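Engineer: Sequence below, structure please.
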Amino acid sequence: MTVTYAPAVTSPQPDPDLSTVTGTDAATATGTDAATATGASSAAGTDAVGGPTEGETSARVTKRGRMWVTLGVAAIVLLIDQVTKSLVVAKLTDQPPINVIGDLLKLDLVRNPGAAFSLGTGYTFLFTGIALAVVVVIIRTSRKLGSTWWALALGGMLGGALGNLADRMFREPGSFQGYVVDFIELPHYPVFNCADMAIVGSAILMVILAVRGIDLDGTRHSA
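Structural biologist: As a prediction, this is how the structure comes out:
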């Protein structure tokens with residue numbers, strides 16, 4: 001009887017060098033990815049905890065924009081006020097009033113030592129100090145405004161205060177006691193100027209905003 005022997009089947013053995021390299025590469029890649037993810041997470045965490053959020057940054061930018069609205073309106077009011085006063089002083093000094101609309105509207109140069117609308121004459125120093133305080137308060141408040149309407153109102157008030165303050169500081173008879181130039185005359189009404197118009201208009205707008213329940217920060221509440 002013939003016995004046939006089958007060849008032994010040998011299982012392939014893994015290449016130790018290849019296994020070592022593969023394991024090392026995998027471990028290195030995994031570690032690198034984990035480290036990268038951890039670094040990104042740490043960076044994100046640092047931004048979230050240490051720096052301002054996007055909303056806070058946007059709010060700051062918006063408030064800064066409203067502050068510039070206030071200053072821009074004030075600059076326009078101041079420019080108009082001083083230009084018109086200079087023209088009136090140049091054209092109407094020692095001249096009779098000019099009738100613009102009959103007796104309803106006249107241009108008449110009046111030098112006023114008092115407050116708006118020729119009120120409180122004789123207290124020039126006092127009104128100069130009050131005007132300076134108003135200017136400082138408005139500028140400080142404009143940095144925290146959350147309402148564009150309030151920015152417009154405070155801008156008009158600031159421009160008007162600066163217009164009359166400039167007269168008191170730089171016009172005759174001397175610094176901080178100069179006379180304010182008034183020239184717009186209506187029947188049965190004190191003579192006034194463009195700065196006075198801006199102050200009154202701004203005050204009216206402020207009253208409307210307060211009645212409607214709109215605060216300086218832009219929030220609305222029930223009146």
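
Engineer: residues making contact with the longest strand anywhere in the chain?
Structural biologist: Identified as the longest strand of the chain according to DSSP state E is strand 105-112. Among residues not part of strand 105-112, those counted as contacts by Cβ atoms under 8 Å, 6 or more residues apart in numbering are 88-89, 92-93, 95, 97-100, 118, 121, 171-172, 179-186, 191. (C-beta placed from N, C-alpha, C; glycine too.)

Engineer: Mind checking what helix or strand follows the worst-scoring helix or strand of the chain on mean pLDDT in sequence?
Structural biologist: When the helices and strands of the chain are scored by mean pLDDT, DSSP states H and E, helix 16-50 comes last with a mean of 44. Beyond helix 16-50 on the C-terminal side, the first helix or strand identified by DSSP states H and E is helix 54-92.

Engineer: Tell me which other helices or strands that next one touches.
Structural biologist: If you count contacts as 3 or more Cβ pairs under 8 Å, 6 or more residues apart in numbering; DSSP states H and E, helix 54-92 packs onto strand 105-112, helix 124-142, helix 148-170, strand 180-185, helix 194-211.

Engineer: Same question for that helix: list its buried residues.
Structural biologist: By neighbour count on 16 or more other Cβ atoms under 10 Å, the buried set for helix 54-92 is 63, 66-67, 69-71, 73-74, 77-78, 80-82, 84-85, 88, 92.

Engineer: How about stretch 194-205?
Structural biologist: Buried residues in stretch 194-205 (16+ other Cβ under 10 Å): 194-202, 205.

Engineer: Output those as TSV; include the columns distance to residue 219 and pLDDT.
Structural biologist: Output for the buried residues of stretch 194-205, formatted as TSV (distance: Cβ to Cβ, whole Å; pLDDT from 0 to 100):
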residue	distance to residue 219	pLDDT
194	33	97
195	31	96
196	31	94
197	30	96
198	26	97
199	26	95
200	26	95
201	24	97
202	21	97
205	18	97
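
Engineer: Kindly indicate which of those lies nearest residue 159.
Structural biologist: Nearest to residue 159 among the buried residues of stretch 194-205: residue 198, at 5.4 Å, using Cβ to Cβ.

Engineer: Quick check, the closest one in contact with residue 154.
Structural biologist: No. Residue 198 is beyond contact range of residue 154, at 11.1 Å (criterion: Cβ atoms under 8 Å).
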